[in-house]
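Fold the following for me, if possible:
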Amino acid sequence: MLEKVNIENILFLDIETVPMVAGYNELPENFRKLWDRKAEILSMNDRRTEKEPASPEEIFMRAGIYAEFGKIVCISTGIIRNQSVWLKSFFGDNEKQLLTDFSEMLSKASGKKFQFLCAHNGKEFDYPYMIRRMLINGLPIPVLLDLIGKKPWEVNHFDTMELWKFGDYKNFTSLELLAAVFGIPSPKDDIRGSDIARVYWEEKNLDRIATYCQKDVLTIVNLFLKFQGKELLDESSIQIIN
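Numbers count the residues shown, from 1 in each chain. Below you'll find the predicted structure:
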């Protein structure tokens, strides 16, 4: 089935997120109380998995994965044209601006240059996170990303993790593991997802984050090609749009 999909109709993407502030003590008082409640639930989950429960302060770096307590600092995208992959990243401290720029690109190109999105664990994380942050920032939802009210099976975008499940809903497979399985160069050769908050808030190195995010997108593209029974992209075919 996948071999019949025209890969040039797909926009591949990945997002990087961080906690809304640099540390727990910088949270506004109302958000601090709300995070305390969230942290209590997370600690209960830790107890169930026999992990040592942590304080709200200690686990605040996890806040970036929740759209209510985090923000997007980078969206990297990739498209295939003439056997080359073109990568472009939207990144910066101003989340509203990078979401606006991404939305404008999505609105102009959807239905013309591409018809589908593809991310790894996109249906569970990337797509809903972007929608939530757009709403929080008072931005309209682009048609291609408007999934509000849709049931999971009504979302026709691709998700490489879901594709790998083959209906096995108990299975979670990381992008790094699938890259290793298919002989794709690891995207985690510099930093990992757990490092993003530190690199952003302490190192203030957005360029490093954007490079990492682009590597994830390239890995997703190569993984999709493998699912189609095709060869990996040659390094010389990678083009980065500033």
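
Only C-alpha atoms from now on, for both contacts and neighbour counts.
Noted.

helix or strand right after the strand ranked longest in the chain?
If you go by DSSP state E, the chain has its longest strand at strand 70-81. Using DSSP states H and E, the helix or strand that follows strand 70-81 in sequence is strand 84-91.

which secondary structure elements does that following strand contact?
The helices and strands touching strand 84-91, judged by 3 or more CA pairs under 8 Å, 6 or more residues apart in numbering; DSSP states H and E, are strand 70-81, helix 95-109, helix 206-227, strand 238-241.

what inclination does it have with respect to helix 206-227?
Relative orientation of strand 84-91 versus helix 206-227 (axes from the mean of the first three to the mean of the last three CA atoms, to 10 degrees): 140 degrees.

All the strands of the chain, residue numbers only.
Assigned by DSSP E, the chain shows strands spanning 10-19, 70-81, 84-91, 116-119, 158-159, 238-241.

Tell me what angle the third one forms with strand 70-81.
Relative orientation of strand 84-91 versus strand 70-81 (the same axes, to 10 degrees): 160 degrees.

Alpha carbons only: can I get the lowest-mean-pLDDT helix or strand in the chain in PDB?
Taking mean pLDDT, DSSP states H and E as the measure, the helices and strands of the chain show their lowest mean at helix 29-48, namely a mean of 84. Output in PDB follows, covering the C-alpha atoms of helix 29-48 (Å, rounded to 0.1, in the frame of the first residue of the first chain):
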ATOM      1  CA  GLU A  29       1.900  31.500  41.100                       C
ATOM      2  CA  ASN A  30      -1.200  30.100  39.500                       C
ATOM      3  CA  PHE A  31       0.800  27.900  37.100                       C
ATOM      4  CA  ARG A  32       3.000  26.700  40.000                       C
ATOM      5  CA  LYS A  33       0.000  25.400  41.800                       C
ATOM      6  CA  LEU A  34      -1.300  23.700  38.600                       C
ATOM      7  CA  TRP A  35       2.100  22.100  38.000                       C
ATOM      8  CA  ASP A  36       2.200  20.800  41.600                       C
ATOM      9  CA  ARG A  37      -1.000  18.900  40.800                       C
ATOM     10  CA  LYS A  38       0.300  17.600  37.600                       C
ATOM     11  CA  ALA A  39       3.600  16.600  39.300                       C
ATOM     12  CA  GLU A  40       1.600  14.700  41.900                       C
ATOM     13  CA  ILE A  41       0.000  12.600  39.100                       C
ATOM     14  CA  LEU A  42       3.400  12.000  37.500                       C
ATOM     15  CA  SER A  43       4.800  10.900  40.800                       C
ATOM     16  CA  MET A  44       2.000   8.400  41.300                       C
ATOM     17  CA  ASN A  45       3.000   7.000  37.900                       C
ATOM     18  CA  ASP A  46       6.600   6.800  39.100                       C
ATOM     19  CA  ARG A  47       5.500   4.800  42.100                       C
ATOM     20  CA  ARG A  48       3.700   2.300  39.900                       C
END
